[in-house]
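S.K.: build the 3D model from these lines:
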Amino acid sequence: MKKALIITGKFVQDPEYIYPFYRLLEAEYEVDVAVKDKETVFGVIGCKVAPTRGLDGIKADEYEILIVPGGARCMEYLRQEKEAIDAVRDFYEKEKVIGAICHGTQMLISAKIVKGKKISGYYSIKDDIENAGAEYVDAPVVVDGKVVTSPHYKHMGDWMREILKLANA
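M.R.: Okay, the predicted model is just below:
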């Protein structure tokens, strides 16, 4: 069975977690959800996130897709987790499909994988994206290699469509 991984944490932007989770299930992916210490956490508006695994020992070889939902506060915490950053970098180095939305793009910056790429993210992190050496693109979905980014959850349909198209190519 095809597998996908969502890496997230407390204060995730709820729709950016919920929509990809169910869209991946609909596309017949087994979905793992990784949270620090496999702790049950809650999104900004109260969505319960029950992880299937912790952040330790993630191996990109076990998955076809990595999803990084946003949430400004979520990223404040998640970007401090070396295991999460290492996992993002491992997916990139193994040329797996990576989808990041809104502030989730900050994990790509922390993993140092955006330099020279066209990247989208929430408008308030445009300077962060550019300072990391990427070209900020204000578009509903941006595909550069196997990295798919989007600035806002209102574009999740387009974003997930491109992620699944790449993963199933």
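S.K.: how about the residue nearest to residue 73 when sequence neighbours are not counted, secondary structure?
M.R.: Of all residues not flanking residue 73 in the chain, residue 11 sits nearest, at 3.8 Å (CB to CB, 6 or more residues apart in numbering). In this view, the C-beta of every residue, glycine as well, is placed from N, C-alpha and C. Look at residue 11: counting by DSSP: H, G, I helix; E, B strand; the rest coil, its state is coil.
S.K.: with residue 6 instead?
M.R.: Assigned with three-state DSSP, residue 6 falls in the strand class.
S.K.: and it, how far from residue 139?
M.R.: 23 Å (CB to CB, to the nearest Å).
S.K.: comparing these two, which shows the higher neighbour count?
M.R.: Between residue 6 and residue 139, counted using other CB atoms under 10 Å, the more crowded position is residue 6 (24 against 13).
S.K.: who does that one bridge with?
M.R.: Beta-bridge partners for residue 6, by DSSP bridges, are residue 33, residue 67.
S.K.: that one touches residue 70, doesn't it?
M.R.: No - between residue 6 and residue 70 there is no contact under CB atoms under 8 Å: 11.9 Å.
S.K.: what pLDDT is listed against residue 168?
M.R.: The model reports residue 168 with a pLDDT of 87.
S.K.: wait, what's in contact with it?
M.R.: By CB atoms under 8 Å, 6 or more residues apart in numbering, no residues touch residue 168.
S.K.: at 10 Å what do you get?
M.R.: Residue 168 makes contacts with 2, 27, 64-65, 97, as judged by CB atoms under 10 Å, 6 or more residues apart in numbering.
S.K.: try residue 14
M.R.: 42-49, 69, 71, 153.
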